[in-house]
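[1] Predicted model and sequence below, questions to follow.
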Amino acid sequence: LLNSNIEPPKFNAESGARAHSASPVRGRPKLELASFVAEYNILSKEKPETYDHAIQTETNGAEVFSAQKRRSVSMDEEDALPTKSRTKTTKVVAQEQVEASKQTNGVQPQAQSPVVKEMDPEEAKNLMKSKPFSDFFTKSTKLVEKALNQQVGLLEDLIAGEEGRVEEDRREVLNQVVKLYDKHHSHNRVITDLDWSPHIPDLLLASYSPNDEGSINDPVGLILLWSLALRTRPEFTLISPSFVTSATFNPFLNNIVVGGLYSGQILVWDLRTKSAPVQRTSITQNGHAHPIYSIAVVGSQNAHNFVSVSNDGRLCVWNTAMLTNPQKTIDLKTKSSNAKQAQDINVSCLAFPEGDANNFYVGAEDGNLYLSQIHSNQAKNELLLESFTGHDAPVSGVSIYPPQVEATRNLNGLVLTSSFDWTVKLWNPRLPGEAVATFESAEDYVYDVEWHPTLPAVFTSVDGEGFIDVWSLAEDLEAPLLHTKAIPNAINKAMFNREGSKLATGDSSGNVTIFDFHKELINPSQEKIDAFDAFVNTAKSRRPDKFE
């Protein structure tokens, strides 16, 4: 353009356009260039108005106007966003509207409650019948009931502290605390055995006889584990295909329960699984063919065995890891001085001294007490027992003096026996022959006898009339310290807990009754204890009236 004769462009103020004019050039046409700017105002797409439930119900006119103004300002910004971002922005604006309205009304914003789906009655009914729901409900209600019982116990202690406790001279040695009974399981059954858990202080095991009047669906053999914190129903229910005659906790494994059956089998239950047993012995030629009357767990934590004895006098030692066949089988025999051949012993009960896995005592239907060892030098399959003659009827219970009573070390090993001849006898194994003393306070068959685990020379016995006798031998050999009718039914079993603060009894109606045993009310002097010690270890005549 510089080399041409074209004039510079001129700006036309009136038209707003630039015009380029050039002087005529010889031989060329006249050219004119023009440019312009056009402006278009494109309206945004009109958005439909939507409202939350909270906006419809909680905002007034001024708040709606303010919200609409904010929404109109943000709509132009929203046009420049992608579709997804626009949707999100709309939700944010709506949330801001709700929060603004609540703040205006003085209400703090709250999170929206989740939508709860309501089940129809048929679906709810099926859910409640399902096993997972039933297990969850049972476990949860047990925990709640235990917590409530503990709170009640704390409240009772508080009230007792405020009102003052009963004077010691007016308190009874035995006070009933609770009666454990389950109508569904305990009805028309007899207690056959009791055992306190060595691992959980308030857990008690009770085995039951069959319910002869029950339905075909009722279990024949039954073991219930009761907790003192859960008094309306059992903590665990264990079943078996045969009548459970004897049962005990495994002192070395806190989840194992062992039971002997009327069929001659031994069952093992694991409390971590269902109510059915996890192990059982086989009925073999070397095992039991008659009812098992007593079972014990002996040994140590690393090596322990089950020892069972049946009514025909057969004693079996079982390896806990293999119950197919007994590890050792012994037929218990006795031979009198004028007999030519040894005779079988019809065993009724068995007891091991605490911590001893070799020496044992058995009571028999002939009224005698027998002492022997599992590992002896006699014949492999037969064992002649040393006898203590005294009772005129079958022996129903045997109890050995506990070694942890430090005040009477010389009394360790003393043996008590109860019998159907209405008596209890005291034996000193170091003085073979007749019984050291005989106690005749019962009014019926004496079904069980039990030394107190901590008090020196104190024991209790129970009989068929429902009486409980408490004896303190260091104070009196002729009359019990307490003779009370505690239960209207026959009491079959009695057992102290490990601390000796509670006494559990089982009766012929399926009731387990727990008593508080106030051992602080029994406090014989050391002089009387020493006198009783001298009597049982040195006395020539063992009549009670010779003790002074």
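    Arrived safely, thanks for sending. Nothing here was measured: the structure is a model prediction, and the numbers come from that model. Residues are numbered from 1 along each chain as shown.

[2] Wasn't residue 442 part of a helix?
    No. Following the definition DSSP: H, G, I helix; E, B strand; the rest coil, residue 442 is coil and is not counted among the residues of a helix.

[3] hang on, residue 228 packs against residue 202?
    Yes. Using C-beta atoms under 8 Å, residue 228 makes contact with residue 202 at a distance of 4.0 Å. For glycine as for every other residue, the C-beta is placed from the backbone atoms N, C-alpha and C.

[4] More neighbours: which of these two?
    Between residue 228 and residue 202, counted using other C-beta atoms under 10 Å, the more crowded position is residue 228 (21 against 16).

[5] any idea how far the more buried one is from residue 516?
    In this structure, residue 228 and residue 516 are separated by 11 Å, where distance is defined by C-beta to C-beta, to the nearest Å.

[6] what's the answer for residue 484, then?
    Using C-beta to C-beta, one obtains 14 Å as the distance from residue 484 to residue 516.

[7] list the residues that contact both of these two?
    In the contact map built from C-beta atoms under 8 Å, 6 or more residues apart in numbering, the residues linked to both residue 484 and residue 516 are residue 174.

[8] Quickly list what's touching both of residue 228 and residue 516.
    For the pair residue 228 and residue 516, residues contacting each of them under the criterion C-beta under 8 Å, 6+ apart are residue 177.

[9] any chance you could map the strands in the stretch 101-250 of the chain?
    174-180, 191-196, 203-208, 221-227, 236-240, 244-249 (DSSP state E, counting those that start in this stretch).

[10] Please work out which residues outside the first one touch it.
    So the one you mean is strand 174-180. 204, 206, 226, 228, 231, 234, 468, 470, 482, 484, 486, 502-503, 511-518.

[11] Going along the chain, name the helices of this structure.
    Taking DSSP state H as the criterion, the chain carries its helices at 53-58, 61-79, 83-104, 121-129, 131-163, 183-186, 526-538.

[12] just to revisit the earlier point, can you flag the buried ones in the contacts of strand 174-180?
    The neighbour-count criterion (16 or more other C-beta atoms under 10 Å) marks 204, 206, 226, 228, 231, 234, 468, 470, 482, 486, 502-503, 511-517 among those as buried.

[13] Would you mind listing where the protein has pLDDT under the threshold?
    Applying pLDDT under 70 to the predicted model, the residue ranges of the chain that meet it are 1-41, 43-114, 133-143, 145-171, 337, 339, 377-380, 404-409, 538-548.

[14] Residue 266 and residue 257 touch, don't they?
    No. In this structure, residue 266 is not within contact of residue 257 by C-beta under 8 Å, at 11.4 Å.

[15] pretty sure residue 219 contacts residue 244?
    No. Under the criterion of C-beta under 8 Å, residue 219 lies out of contact with residue 244, with a separation of 9.7 Å.

[16] the more surrounded of the two?
    residue 244 (26 against 20).

[17] residues touching the more buried one, list them.
    Listed by C-beta under 8 Å, 6+ apart, the contact set of residue 244 reads 192, 193, 207, 208, 221, 222, 223, 259, 260, 261, 262.

[18] mind running it again at 10 Å?
    Contacts of residue 244 were listed using C-beta atoms under 10 Å, 6 or more residues apart in numbering, and they are 192-193, 206-210, 219-223, 238, 259-262, 267, 292.

[19] Distance check, it against residue 188.
    For residue 244, the distance to residue 188 under the criterion C-beta to C-beta works out to 16 Å.

[20] Ok, residue 196 next?
    In this view, residue 196 and residue 188 are 25 Å apart by C-beta to C-beta.

[21] try residue 462
    21 Å.

[22] Neighbour count: these two, which is higher?
    With other C-beta under 10 Å as the criterion, residue 462 and residue 188 differ in neighbour count, and residue 462 comes out ahead with 30 against 14.

[23] Bridge partners for that one, pull those for me.
    Beta-bridge pairing of residue 462, defined through DSSP bridges, involves residue 448, residue 468.

[24] Against residue 453, how distant is it?
    Summarising the geometry, the distance separating residue 462 from residue 453, computed by C-beta to C-beta, is 17 Å.

[25] cool, and residue 504?
    In this structure, residue 504 lies at 13 Å from residue 453, with C-beta to C-beta as the measure.

[26] So the two - more neighbours on which side?
    Taking neighbours as other C-beta under 10 Å, residue 504 and residue 453 compare with residue 504 leading, 25 against 19.

[27] Spit out the contact partners of the more buried one.
    Taking C-beta under 10 Å, 6+ apart, we find residue 504 in contact with 177, 180, 191, 194-196, 204-206, 226, 228, 450, 493-497, 512-515.

[28] Okay, it and residue 462: tell me how far apart.
    11 Å.

[29] Common neighbours of those two, please.
    By C-beta under 10 Å, 6+ apart, the residues touching both residue 504 and residue 462 are 450, 493, 494.

[30] Residue 350 and residue 297 touch, don't they?
    No. Between residue 350 and residue 297 no contact is recorded; they are 11.9 Å apart, counting by C-beta atoms under 10 Å.

[31] overlap in contacts of those two?
    Looking at what touches both residue 350 and residue 297 (by C-beta under 10 Å, 6+ apart), the common residues are residue 307.

[32] list residues touching both of residue 228 and residue 202?
    Going by C-beta under 10 Å, 6+ apart, residues that sit against residue 228 and also against residue 202 are 146, 235, 497, 502, 514.

[33] give me the number of residues near residue 271?
    Here the count is done by other C-beta under 10 Å, and residue 271 has 16 residues near it.

[34] got a list of what the nearest residue to it once chain neighbours are set aside touches?
    Leaving aside its sequence neighbours, residue 271 sits nearest to residue 255 (C-beta to C-beta, 6 or more residues apart in numbering; 4.6 Å). When the contact criterion is C-beta under 10 Å, 6+ apart, the partners of residue 255 are 199, 249, 269, 270, 271, 272, 273.

[35] Please report the distance of the first one from residue 255.
    Right, residue 199. If you go by C-beta to C-beta, the gap between residue 199 and residue 255 works out to 9 Å.

[36] what's the overlap in contacts for the two?
    Listed contacts common to residue 199 and residue 255 are residue 249; contacts here mean C-beta under 10 Å, 6+ apart.

[37] wait, doesn't residue 384 sit right on residue 335?
    Yes. Proximity of residue 384 to residue 335 meets the contact threshold set by C-beta under 10 Å, at 5.9 Å.

[38] So those two - more neighbours on which side?
    When neighbours are counted by other C-beta under 10 Å, residue 384 comes out ahead of the other of residue 384 and residue 335, with 16 against 13.

[39] Tell me who's in contact with that one.
    Residue 384 makes contact with 332, 333, 334, 335, 342, 345, 370, 372, 376, 378 under the criterion C-beta under 10 Å, 6+ apart.
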